[in-house]
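Trainee: return a 3D structure for these sequence lines:
(2 chains)
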There are 2 protein chains.
Amino acid sequence: MYKAKIFVNYKPSVLDPKAEVIQNTLHNLGQTNVESVVVGKYFEVNLTGNKSDVDAQVEQLCDQMLANVNMETYRYTLEEVDA
Amino acid sequence: MYKAKIFVNYKPSVLDPKAEVIQNTLHNLGQTNVESVVVGKYFEVNLTGNKSDVDAQVEQLCDQMLANVNMETYRYTLEEVDA
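Mentor: Presented below is the predicted three-dimensional model:
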């Protein structure tokens, strides 16, 4: 079995309102040492199958369901785990 | 400068509707090899300061802002990065 760890973030060119709010709030609280904030989605998906099939399946899953490829980018890792 | 990578997930005891929808949708699409799905939030925060101060600050940030500690758990890593 494989565990896919998937990270989905806004593209750098896209304004991230949540991240802006968090950073401004922290600065207003006096935490001005906060240089930058990035907010994203995180998924862990366990799948059975051989590695190449699972890899292709995860790629498709990201492209078609988990990420809006117009505004977001994704990256993932695959780890073999015990069933 | 330090980069905090923060992961926030629902506690195992809490039903995660998004994860349920994703898993059911995939099963309906015939992808029955998907064993489990976990959905969470992911933050990357860059902070200046010494490691122990930054560590305490991130802990407080998670407890008070990024995670709802009644329903969610969090974990984070700190990496030193170039300013």
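
Trainee: what's the closest non-adjacent residue to A:Asp16?
Mentor: Once flanking residues are discounted, A:Asp16 sits nearest to A:Tyr10: 4.7 Å by Cβ to Cβ, 6 or more residues apart in numbering or on different chains. Glycine gets a C-beta too; all of them are placed from N, C-alpha and C.

Trainee: need the contact list for that neighbour.
Mentor: The contact partners of A:Tyr10, by Cβ atoms under 8 Å, 6 or more residues apart in numbering or on different chains, come to A:16, A:38-40, A:71-73.

Trainee: so how do I select the buried members of these in PyMOL?
Mentor: Burial among the contacts of A:Tyr10 is assessed by 16 or more other Cβ atoms under 10 Å in any protein chain shown; the matching PyMOL selection reads:
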select buried, chain A and resi 16+38+39+40+72
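
Trainee: with the contacts of A:Tyr10 in mind, which one is nearest to A:Leu61?
Mentor: A:Glu72 (13.7 Å; Cβ to Cβ).

Trainee: residues contacting the closest one?
Mentor: Contacts were defined as Cβ under 8 Å, 6+ apart; by that measure A:Glu72 touches A:8-11, A:14.

Trainee: redo these as TSV? Include secondary structure.
Mentor: Listed next are the contacts of A:Glu72 as TSV, based on DSSP: H, G, I helix; E, B strand; the rest coil:
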residue	secondary structure
A:Val8	strand
A:Asn9	strand
A:Tyr10	strand
A:Lys11	coil
A:Val14	coil
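
Trainee: and the host helix or strand of A:Glu35, what does it pack against?
Mentor: According to DSSP states H and E, A:Glu35 maps onto strand A:34-47. Under the contact criterion of 3 or more Cβ pairs under 8 Å, 6 or more residues apart in numbering or on different chains; DSSP states H and E, strand A:34-47 touches strand A:2-10, helix A:17-28, helix A:51-61, strand B:34-47.

Trainee: which stretches of chain A aren't confidently modelled?
Mentor: Within chain A, no range satisfies pLDDT under 70.

Trainee: near chain B, which residues of it? Just list them.
Mentor: Chain A has residues A:1, A:7, A:9, A:22, A:25-26, A:31, A:33-49, A:54, A:57, A:61, A:65-66 near chain B, with proximity defined as Cβ under 8 Å from any Cβ of the partner chain.
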